[in-house]
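> Just need the structure, nothing else, for what follows:
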Amino acid sequence: MAQEILTTFADDVKSVSLQPAEVSGSYVIYCNDEKIFDRKEQGRFPDIKELKQMIRDKVAPEKSLGHSDKK
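Here you go, the predicted model:
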């Protein structure tokens, strides 16, 4: 997932970091210190298409994601 994000947003995202959580089962995604996804709040994991759309909307809203933009 990290490699996909870095490849898709090569000019917009400089790094992806993973941090162990103090709470088991925690899976929270932040973009520029803003929470964009929380597994416990959503009750599921995001798929890569959804995750790329959320990141795009924060870092490069004008960027086309090609096939990932289609619903």
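> got a list of what the closest residue to residue 60 other than its chain neighbours touches?
By the measure of Cβ to Cβ, 6 or more residues apart in numbering, the closest residue to residue 60 outside its immediate chain neighbours is residue 12, 4.6 Å from it. C-beta coordinates here come from the backbone N, C-alpha and C atoms, glycine included. When contacts are counted by Cβ atoms under 8 Å, 6 or more residues apart in numbering, residue 12 is found next to 59, 60, 63.
> Give me the subset of those lying in helices.
Secondary structure assignment by DSSP state H places residue 59 of the contacts of residue 12 in helices.
> Now the buried members of the contacts of residue 12.
Burial of the contacts of residue 12 was assessed by neighbour count (16 or more other Cβ atoms under 10 Å); the buried members are residue 63.
> Using TSV, lay out the contacts of residue 12 together with distance to residue 47.
Compiled in TSV, the contacts of residue 12 are given as follows (distance: Cβ to Cβ, whole Å):
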residue	distance to residue 47
59	19
60	20
63	19
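> Name the nearest of the contacts of residue 12 relative to residue 51.
Comparing these against residue 51 with Cβ to Cβ picks out residue 59 as the nearest, at 12.4 Å.
> tell me the pLDDT at that closest one?
Residue 59 is assigned a pLDDT of 95 by the prediction.
> quick one: contacts for it?
Going by Cβ under 8 Å, 6+ apart, the list of residues near residue 59 reads 9, 12, 13, 31, 32.
> now with 7 Å?
Residue 59 sits next to 9, 12, 13, 31 when contact means Cβ atoms under 7 Å, 6 or more residues apart in numbering.
> So the last one sits against residue 55, correct?
Yes. Look at residue 31 against residue 55 with Cβ atoms under 7 Å: they come within range, at 5.7 Å.
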